[in-house]
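Undergrad: let's see this in three dimensions:
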Amino acid sequence: MNQLVAAYSERQRHYHTLQHLRECLAHFDAAAPLARRPAEVEVALWFHDAVYDPQAGDNEERSAQWARDSLLAAGCGDDAARRVHDLVMATKGHVAGAGDADAALLLDVDLAILGALPSRFDEYERQIRAEYAHVEPEAWRVRRVRVLGVSCNVRGCT
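TA: As a prediction, the model looks like this:
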């Protein structure tokens, strides 16, 4: 647990922090009755951003492997460790497999920030921009449009 708290407290993080983890866990508390395997979804939430380097492309893989290794070291079965690994991996493209209600729930919880009150959403936008300060403004705008699914034209985004 201490290693996870330390990971979510790393200096390069501005959004993918303990604040995000707490918000995810709070959302999950309300939605846990919808999960088929709530304990596994909760563990996956703890690990879903355990490794977060904004300049790396393997954060989810490394987070998922950390989760799997930790569960196996704690004596959990292979099946549960694999399912948690797969839940964490679902956050890579934010796509749940067909019929995977637990992955869909985890993704809804992870992306709940997109439905936050305007003041919190604005804070999230500042936090995300700070994490990706290394990205040039034009490239940032193009990537954010893609991530948020916003349509833009010459006059701006809508």
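Undergrad: can you count the residues close to residue 141?
TA: Using other Cβ atoms under 10 Å, residue 141 has 14 neighbouring residues. Quick note: C-beta positions are derived from backbone N, CA and C, even for glycine.
Undergrad: let me know the pLDDT of it.
TA: The per-residue pLDDT reported for residue 141 equals 92.
Undergrad: can you dump the C-alpha coordinates of the helix or strand in which residue 63 is found into CSV?
TA: Using DSSP states H and E, the element containing residue 63 is helix 59-73. Only the C-alpha atoms of helix 59-73 are listed here, as CSV (Å, rounded to 0.1, in the frame of the first residue of the first chain):
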residue,chain,number,x,y,z
ASN,A,59,2.1,2.8,-18.3
GLU,A,60,-0.9,0.5,-18.4
GLU,A,61,1.2,-2.6,-19.1
ARG,A,62,3.6,-1.8,-16.2
SER,A,63,0.7,-1.0,-13.8
ALA,A,64,-1.2,-4.2,-14.8
GLN,A,65,2.0,-6.3,-14.3
TRP,A,66,2.5,-4.6,-10.9
ALA,A,67,-1.1,-5.5,-9.9
ARG,A,68,-0.7,-9.1,-11.1
ASP,A,69,2.6,-9.6,-9.3
SER,A,70,1.3,-8.0,-6.1
LEU,A,71,-1.8,-10.2,-6.1
LEU,A,72,0.1,-13.4,-6.7
ALA,A,73,2.6,-12.4,-4.0
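Undergrad: which residue ranges of this protein form strands?
TA: Assigned by DSSP state E, the chain shows strands spanning 152-153, 156-157.
Undergrad: out of those strands, name the one with the poorest average pLDDT.
TA: strand 152-153 (a mean of 52).
Undergrad: and residue 10, what are its phi and psi?
TA: phi -60, psi 150 (degrees, to the nearest 10).
Undergrad: residue contacts, it?
TA: By Cβ atoms under 8 Å, 6 or more residues apart in numbering, residue 10 lies in contact with residue 52.
Undergrad: and it, how far from residue 68?
TA: 21 Å (Cβ to Cβ, to the nearest Å).
Undergrad: how's the protein carved up into domains?
TA: Annotated domains of the chain cover 2-115, 118-157 [automatic domain parsing].
Undergrad: just name the shakiest helix or strand of the chain by mean pLDDT.
TA: strand 152-153 (a mean of 52; mean pLDDT, DSSP states H and E).
Undergrad: residues in contact with stretch 79-98: which ones?
TA: 37, 40-41, 43-44, 47-49, 60-61, 63-65, 67-68, 71-72, 100, 102-104, 106-107, 110-111.
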